[in-house]
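1. this one's sequence-less:
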């Protein structure tokens, strides 16, 4: 069955009208990108903000792609579904999971342990045709927040793309991003075929005006179309290229949409003469500026007048000359960085990476010089404030960029404004994710609990189960295994067929000191799915802890089992229990090097050296294990470590 038939992500059959509007006039570009995508293993499409890359992908490339629809995955995104509770999932890369979720409607717990290559392998089973996969807005990777693991996840995700291309010769990957991300992509993934999307040429802009008119049963004379285009021709600020013959797609749409609303019903042909009565380009662009400023002001909780004044003072420095601003650590020209980024996303500003004092810095400019006068005359627009869903989408993208403070602000607004139970639950869950990613599981607990209650009230039992699992994992992170187990049992009772939740319950029981009960649960999981890697890894680690070394090695020596520090430490302990102390030392040393503050890794080291007869080294690692914090030892394991430390 085609993924398009099942995937809820907008981008398969019904495109947004906005994307359709911006696509007109880009037939040649669409054909060129399709040719590159079908002929090359890797294609990178870039362009400046506002050049219509996403619309071209959705409304142009996807509907016209040749071949079987079932072989084309929906557009991938780095921020898709980031409200789903992180804590309910096993260790994962959020970039990978978001892309896989946008490619597939499968339950997140079944996707969380997969790499991009794993997913492509599953998707391609039983097929002999090419798999086409695209990922949009990869420029979100180039942010470099000062908190969290954004950089580590970015490096790992890009490495996964490389591995997927190497592992699957019949995978054709299309990456779409702003021009400023090109250096990162080519350095990390490879050159591949490249295509640069620019603003519309004048003939393309004329087609973008006349074609929708014909589809609506009206005609647009060439004279009238060229008059409109001449008024919109622009110079992209800061560009070294001669672009004065180009038209920005976002501006063309901003002018044409009100134009169609103003044309009297009886007018079947738009000519230059009647257009003068209802086609005021400056007024349309001023209204566009007002809508964008109003939306961004509401999104960030600042006054319209303040934001408009900031734009004029910062980016219009003279009678008709543009200014610029450089992004700082937290702010740009006195306003939070998120404000400037939102204005870029809505195509009022543009941005580029430049070098200042040998450091990369983001520089912001007005999108085009054609907006200078409209911005001067723009007045507060009385459009409806952003809906809760808009705030939630913004918060998800903030979270993908690693901008945790902004994600909290927008998530809070979504939560406050939401009237629908499900929307409010999603906002609450996202707030829990922000706190959890900040390393504050205690602060995440109320949000996850509220989301569970709201989803249960809405009749979404499975959704409530995942939130309860998140509550359990947050409690485990705080060292409260006795409080976590009932929450995880409640989650499993609501969703007994979810093997990931059953595995989490087993791990919680292990931390409570009930290792044999944990193994029994994992045996049941593996009886259903013998290749469940997370269950195999977990059972192997628990068996090593329990002293069942031979059975532990059978699980841990499988090549496909994730090679985590805790897994290598458990393998080292099992080898020591079997008397192979030299191999055990190699495994333990590698694990400790990668996880010097993990209580369980350090405890495995202490136990392995005790078995080797090296009491002094055993005591050293045991003392470190007692004080470990990332993560700390459970209460039963802490007692073992203390005994070893005293010997």
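-> Sure, I can see it. Source: prediction; values computed, not measured.
2. Show me where the stretch 201-350 of the chain dips below the pLDDT cut-off.
-> Within the stretch 201-350 of the chain, the segments meeting pLDDT under 70 span 212-217, 234-245, 260-263, 265-267, 272-279, 318-321.
3. any idea where the helices of it begin and end?
-> 202-215, 222-232, 249-262, 272-278, 281-300, 304-315, 337-345 (DSSP state H, counting those that start in this stretch).
4. What are the contacting residues of the second one?
-> Same thing as helix 222-232. Defining contact as Cβ atoms under 8 Å, 6 or more residues apart in numbering, one finds that helix 222-232 is touched by 202, 205-206, 209-210, 247-248, 251-252, 255, 270-272, 275, 279, 281, 370. Where you see a C-beta, it was placed from the backbone N, CA and C, and this is true even at glycine.
5. Kindly recompute the last result at 7 Å.
-> For helix 222-232, the external contacting residues (Cβ atoms under 7 Å, 6 or more residues apart in numbering) are 202, 205-206, 209-210, 247, 251-252, 255, 270-272, 275, 279, 281, 370.
6. Deepest in the core, which of the helices of the stretch 201-350 of the chain is it.
-> helix 337-345 (a mean of 22; mean count of other Cβ atoms under 10 Å).
7. Break down the stretch 301-450 of the chain into its strands, ranges please.
-> Secondary structure of the stretch 301-450 of the chain (DSSP state E, counting those that start in this stretch): strands at 324-326, 331-332, 335-336, 349-356, 359-366.
8. which ones are touching residue 462?
-> 494, 495.
9. Can you classify it by secondary structure?
-> Three-state call for residue 462 (DSSP: H, G, I helix; E, B strand; the rest coil): helix.
10. Please tell me how far it sits from residue 163.
-> Residue 462 sits 32 Å away from residue 163, taking Cβ to Cβ, to the nearest Å as the criterion.
11. can you check residue 534 too?
-> 19 Å.
12. Show me which of those two is the more surrounded one.
-> Each of residue 534 and residue 163 has its neighbours counted (other Cβ atoms under 10 Å); residue 534 has more, 22 against 15.
13. Let me see the contact set for that one.
-> 90, 113, 500, 503.
14. farthest pair in the contacts of helix 222-232?
-> Comparing every pair within the contacts of helix 222-232 by Cβ to Cβ identifies 271 and 370 as the most remote, at 23.7 Å.
15. how does this protein divide into domains?
-> Following the assignment in automatic domain parsing, the chain carries domains at 3-196, 200-279, 284-377, 526-647.
16. Out of the ones you listed, flag the one nearest residue 493.
-> That would be, of the domains of the chain and by Cβ to Cβ, domain 3-196, which comes in at 15.0 Å.
17. pLDDT averaged over that closest one, what's the number?
-> For domain 3-196, mean pLDDT rounds to 84.
18. In TSV, list the domains of the chain along with distance to residue 409.
-> Shown next, in TSV, are the domains of the chain (distance: least, Cβ to Cβ, whole Å):
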stretch	distance to residue 409
domain 3-196	15
domain 200-279	26
domain 284-377	7
domain 526-647	28
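19. Mind listing residues that contact stretch 520-533?
-> 113, 499, 502-503, 505-506, 535-536, 538-539, 560-562.
20. returning to what we had before: ok, which of the helices of the stretch 201-350 of the chain comes nearest residue 100?
-> helix 337-345 (23.8 Å).
21. Please, which helix or strand holds residue 134?
-> Using DSSP states H and E, residue 134 sits in strand 131-135.
22. So what's the gap between that strand and the chain middle?
-> 16 Å (Cα atoms, centre = their mean, to the nearest Å).
23. returning to that earlier point: take the helices of the stretch 201-350 of the chain and write them to TSV, including distance to residue 391.
-> Shown next, in TSV, are the helices of the stretch 201-350 of the chain (distance: least, Cβ to Cβ, whole Å):
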stretch	distance to residue 391
helix 202-215	31
helix 222-232	32
helix 249-262	22
helix 272-278	34
helix 281-300	7
helix 304-315	17
helix 337-345	12
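24. Ok, which of those helices comes nearest residue 607?
-> Shortest separation from residue 607 across the helices of the stretch 201-350 of the chain is recorded for helix 337-345, at 48.1 Å, computed as Cβ to Cβ.
25. what helices or strands is the closest one leaning on?
-> helix 281-300, strand 349-356 (3 or more Cβ pairs under 7 Å, 6 or more residues apart in numbering; DSSP states H and E).
26. and the ones you listed as a markdown table, adding distance to residue 619?
-> A markdown table is the format used below for the helices and strands packed on helix 337-345 (distance: least, Cβ to Cβ, whole Å):
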| stretch | distance to residue 619 |
| --- | --- |
| helix 281-300 | 55 |
| strand 349-356 | 52 |
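27. And the ones you listed: which comes nearest residue 401?
-> Closest of these to residue 401 is strand 349-356, at 13.2 Å (criterion: Cβ to Cβ).
28. The helices of the stretch 201-350 of the chain: which one's closest to residue 458?
-> In terms of Cβ to Cβ, the element of the helices of the stretch 201-350 of the chain nearest to residue 458 is helix 281-300, at 26.4 Å.
29. In terms of secondary structure, what does that closest one contact?
-> helix 222-232, helix 249-262, helix 304-315, helix 337-345, helix 372-377.
30. swap the cut-off to 10 Å and go again
-> If contacts are counted by 3 or more Cβ pairs under 10 Å, 6 or more residues apart in numbering; DSSP states H and E, helix 281-300 sits against helix 222-232, helix 249-262, helix 304-315, helix 337-345, helix 372-377, helix 388-401, helix 404-417.
31. okay but residue 310 is in contact with residue 325, surely?
-> Yes - the criterion here is Cβ atoms under 10 Å, and residue 310 meets it with residue 325 at 9.4 Å.
32. what touches both of these two?
-> Common contacts of residue 310 and residue 325, defined by Cβ atoms under 10 Å, 6 or more residues apart in numbering, comprise 332, 333, 334, 335, 340.
33. Next, give me the two most distant ones among those.
-> By the measure Cβ to Cβ, 334 and 340 form the most distant pair in the shared contacts of residue 310 and residue 325, at 10.7 Å.
34. which residues do the two both contact?
-> 310, 314, 325.
35. Closest to residue 411 out of these?
-> Residue 411 lies nearest to residue 310 out of these, by Cβ to Cβ, at 24.6 Å.
36. Now that closest one: closest residue in space that isn't a chain neighbour?
-> residue 335 (5.9 Å; Cβ to Cβ, 6 or more residues apart in numbering).
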